[in-house]
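**Student:** got a predicted model here, sequence first, then my questions.
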Amino acid sequence: MTGPGHVVVVAEHVQGRLAPVTWELMTCARKLASILHLDLASVVLRKDARTLAEEMARRTGVNTWAVEVAGMANFHGETQRLSLAGLLPELNAQVVLGAHSTSGLDWAPALAADLEAAYIPGVEQITREKDGLAFWRGTHFGKLREEIAPAAWPLVLTVQPGAFQAEPPVQSEPGEVTAIQPAAPSCRTTVLQTMDGAGQDAGLGRAKVVVAAGRGVGQEENLEMLRRLAGLFSSAALAGSRPVCDLGWLGYGQQVGLTGATVAPSLYLACGISGARQHTVGMQGSGFIVAINGDPQAAIFNLADVCVVEDLTAFIPAFLDLAQGVSAEDDT
């Protein structure tokens, strides 16, 4: 890699607001810029990007491009990717960072192909090795961690939400905002309409205890014992991982994870959940985590405060019997 260049953060925004992961991306970008001796820049793509770009520049002190593209009233991965592919070479972007989210995974791989760049998804950690940078990511449903070194530049990364701590707003002068209005790119798809999906269950957001079901519960009928488990607590809700919701066992409003709700209850009971990052990103802020799984190598145990290695169809009924016995003694 030669010559001056930039580390570029592609801001993530939802419903007209910058998403929290955007500030985490900036933390990661600052570390890379310091190691690689590159300048920082950020990009906001939206039909009316100026307001969010000004917020980005004010909070980070980084020069920001407001890319106002016709047809970007709603997110469209193809439009975003083609617009970035036209802008980033002008910035001499050596590293491009996006969120490891449903939207980031839409545009980032194709952008890497457009730029003939190396692509590393799901980055959780950066280390400095003797031969250069190394990036760490989870693999095999979180059971293993993978160390990857780029063999080519530029580099496109998606960063796992929660992997880097967001820094407070800078006290320096705001960055400069440059607004551009490129022509809408020629796309192979068109967004006809955007509709709201099933919303988050209000009880899930307020619950102090969340009992979460994973594919390891085995069958839909076993959810009944999880409902009984949740019933032991005065403020509890039943939730599920995406596979459980995809199977129709629970509604998508009860899904926790990257494409579902983010919760932070006082107690999180993970039942039959493997611990894939796509799920744990939605519950890692829980106060106390108990994991029940028959697989002693389950990745969820790396996050849990209490690990129960047992078949949940044996453990949970025994626990319920014990709890009911204690309750009966208290009543006498």
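**Tutor:** Alright, I've got the coordinates.

**Student:** CA only for contacts and neighbour counts going forward, please
**Tutor:** Will do.

**Student:** quick check: which element contains Glu78?
**Tutor:** Following DSSP states H and E, one finds Glu78 within helix 77-87.

**Student:** can you pull out the residues in contact with that helix?
**Tutor:** Residues from elsewhere that reach helix 77-87 (CA atoms under 8 Å, 6 or more residues apart in numbering): 45, 69, 72, 103, 106-108, 110-111, 114-115, 182, 184-185, 187-189.

**Student:** stretch 39-49 now?
**Tutor:** The contact list for stretch 39-49 (CA under 8 Å, 6+ apart) reads 4-12, 29-30, 33, 52-53, 56, 62-75, 80.

**Student:** Ser286: how many residues sit nearby?
**Tutor:** 20 (other CA atoms under 10 Å).

**Student:** residues contacting it?
**Tutor:** If a contact means CA under 8 Å, 6+ apart, then Ser286 has Val263, Ala264, Pro265, Ser266, Leu267, Tyr268 as its contacts.

**Student:** packing partners for the helix or strand containing the last one?
**Tutor:** Taking DSSP H and E as the criterion, Tyr268 maps to strand 267-271. Using 3 or more CA pairs under 8 Å, 6 or more residues apart in numbering; DSSP states H and E, the elements in contact with strand 267-271 are strand 209-213, strand 288-293.

**Student:** which parts of that strand are buried?
**Tutor:** By neighbour count on 16 or more other CA atoms under 10 Å, the buried set for strand 267-271 is Leu267, Tyr268, Leu269, Ala270, Cys271.

**Student:** what about the second one, distance to Lys208?
**Tutor:** As for Tyr268, its distance to Lys208 is 9 Å (criterion: CA to CA, to the nearest Å).

**Student:** repeat for the last one
**Tutor:** Look at Cys271 and Lys208: by CA to CA, they are 17 Å apart.

**Student:** ok, Leu38 next?
**Tutor:** 45 Å.

**Student:** again, but for Ala118
**Tutor:** As judged by CA to CA, Ala118 and Lys208 stand 43 Å apart.

**Student:** what's the domain layout of the chain?
**Tutor:** Structural domains annotated on the chain: 6-180, 202-331, as defined by automatic domain parsing.

**Student:** how long is the first one end to end?
**Tutor:** This means domain 6-180. End-to-end distance of domain 6-180: 18 Å, with CA to CA as the criterion.

**Student:** give the buried residues for the worst-scoring helix or strand of the chain on mean pLDDT.
**Tutor:** When the helices and strands of the chain are scored by mean pLDDT, DSSP states H and E, helix 202-206 comes last with a mean of 72. Using 16+ other CA under 10 Å as the test for burial, helix 202-206 gives Leu204, Gly205.

**Student:** would you turn the contacts of Ser286 into TSV with distance to Ala149?
**Tutor:** Below are the contacts of Ser286 laid out as TSV (distance: CA to CA, whole Å):
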residue	distance to Ala149
Val263	34
Ala264	34
Pro265	37
Ser266	38
Leu267	38
Tyr268	35
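
**Student:** for those, give me JSON lines that also has distance to Cys307 and pLDDT.
**Tutor:** Shown next, in JSON lines, are those (distance: CA to CA, whole Å; pLDDT from 0 to 100):
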{"residue": "Val263", "distance to Cys307": "20", "pLDDT": "89"}
{"residue": "Ala264", "distance to Cys307": "19", "pLDDT": "88"}
{"residue": "Pro265", "distance to Cys307": "18", "pLDDT": "92"}
{"residue": "Ser266", "distance to Cys307": "17", "pLDDT": "93"}
{"residue": "Leu267", "distance to Cys307": "14", "pLDDT": "96"}
{"residue": "Tyr268", "distance to Cys307": "12", "pLDDT": "96"}
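
**Student:** and Cys245, what's its pLDDT?
**Tutor:** According to the prediction, Cys245 has pLDDT 92.

**Student:** my guess is it contacts Gln255, does it?
**Tutor:** Yes: Cys245 is within contact range of Gln255, at 6.5 Å (criterion: CA atoms under 8 Å).

**Student:** of the two, who's got more company?
**Tutor:** Legend: neighbour count by other CA under 10 Å for Cys245 and Gln255, higher for Gln255 (29 against 21).

**Student:** thanks a lot, catch you later.
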